[in-house]
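Engineer: this one's sequence-less:
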């Protein structure tokens, strides 16, 4: 059975698969509401699909609790790193069949299970997708970091420098989260991804799933069709929290997209408005200095707004989208955890029907019980890591957004103060 010491849950273990392995840490408990939590609920309730308020007082409490889970603290555990991965140098490839981008993946490590201390390979998006699929297949109870969507930015060409820079940063974050994970970083598929040559990786990608893996997937698919009888309230709360968090982040994303559209329209107005003052100054000699000052002020505001749009689209939006995908990944791992518990419950029912095979089934029950306890420990450990990363990332994103807004308005204020000063000097 997996060691649960790194899961962050110090209470006693449960004796049953549906039972709790101890209460959730107060820092992770979505029902732990503190007065220091910023109340974002009113600003996020606009047009959110599946608004928790519509389902009653209990879900209203959950909505407040989920927002409480966004507490932005700086307490992060320090880990010892012996595996470092860098993603850079995007390169375009053109063949008769397709055009695609590869990224240089550089690995430096001191681990003894690597033949060398440094590897340099090139990987395309499909290779990253293969890695995530293999990690998910071999670690069904661990939370696998999400990959960026294949076409995330509608306004950008997928070969443009802006898109490649954003994609490179997202792939770097994906690999960094994996190599920092205490279990995933030792997965053999990650080693293959980081060290294999192109033709070797292609060979691994073509290998079909083994018969035992297919049988396991079929069993879990069948189990997923049943209703859990003894699902722990702890995991029901987790499910509700993830659903609410995903809905709220989706609302933030929709609001951000609407703001970007409005800012883009306003920017277009400024671009059209500035030349008007310049043309006006040609026909009004006495007002020419003032009109040229107005044109200069409008131009400076338009440039500041252009930077604001770029930052909000390429700095603020990607982490928001990433955590929307994280919420979906959390839902998937919770489903897989439920399917493991369902296997246990089906085994218990089978045991009650087949008393003659009691000894053999008891061994199977024990194995299933251990599997559920391992799943519980793995899930709690990953949930705690996810919460720590979430707090840090959300704090950083919103802090940077505030700083950029302050800078933007300071630039506009400075531009108009200069304009007024020039107008007053000309008038005197």
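Structural biologist: Cool, the structure landed. Source: prediction; values computed, not measured.

Engineer: quick check: phi and psi on residue 231?
Structural biologist: Here is the backbone geometry of residue 231 (degrees, to the nearest 10): phi -70, psi 130.

Engineer: for it, grab the count of nearby residues.
Structural biologist: Residues near residue 231, counting by other CB atoms under 10 Å, number 16. (Glycine included, C-beta is placed from N, CA and C.)

Engineer: I'd say it and residue 337 touch.
Structural biologist: No. Taking contacts as CB atoms under 8 Å, residue 231 lies outside contact range of residue 337: 10.0 Å.

Engineer: pairing partners for the host helix or strand of residue 121, with directions?
Structural biologist: Using DSSP states H and E, residue 121 falls within strand 118-124. Strand 118-124 pairs in its sheet with strand 99-109 (antiparallel), by DSSP bridges.

Engineer: how far is the strand it pairs with from where the chain is centred?
Structural biologist: Distance of strand 99-109 from the chain centroid (CA atoms, centre = their mean, to the nearest Å) equals 21 Å.

Engineer: mind listing residues that contact it?
Structural biologist: The contact list for strand 99-109, computed with CB atoms under 8 Å, 6 or more residues apart in numbering, reads 82-93, 117-125, 158-159, 164, 167-168, 171, 175, 193-195.

Engineer: can we see that at 7 Å?
Structural biologist: With CB atoms under 7 Å, 6 or more residues apart in numbering as the test, strand 99-109 has contacts from 82-93, 117-124, 159, 164, 168, 171, 194.

Engineer: which positions in that strand come out as buried?
Structural biologist: 101-103, 105, 107, 109 (16 or more other CB atoms under 10 Å).

Engineer: run through who's touching the helix or strand just after the strand holding residue 121.
Structural biologist: Next in sequence after strand 118-124, counting helices and strands by DSSP H and E, comes helix 125-138. Contacts to helix 125-138, defined as CB under 7 Å, 6+ apart, come from residues 144, 147, 150, 171, 174, 184, 187, 189-190, 193, 201, 205, 213.

Engineer: okay, now the domains of the protein?
Structural biologist: Segmentation of the chain into domains, based on automatic domain parsing, reads 83-208, 233-427.

Engineer: what mean pLDDT does the first one get?
Structural biologist: The predicted model gives domain 83-208 an average pLDDT of 87.

Engineer: cool, and the last one?
Structural biologist: Averaging pLDDT along domain 233-427 gives 86.

Engineer: what's the span of it from first residue to last?
Structural biologist: Terminal residues of domain 233-427 lie 74 Å apart, using CA to CA, to the nearest Å.

Engineer: where do the strands sit along the stretch 251-400 of the chain?
Structural biologist: Using DSSP state E, counting those that start in this stretch, no strands are found in the stretch 251-400 of the chain.

Engineer: tell me where it has helices.
Structural biologist: For the stretch 251-400 of the chain, the helices defined by DSSP state H, counting those that start in this stretch occupy 288-311, 317-353, 358-427.

Engineer: mind putting these into TSV with distance to residue 242 and mean neighbour count?
Structural biologist: TSV is the format used below for the helices of the stretch 251-400 of the chain (distance: least, CB to CB, whole Å; neighbours: other CB atoms under 10 Å):
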stretch	distance to residue 242	mean neighbour count
helix 288-311	29	18
helix 317-353	4	19
helix 358-427	9	16
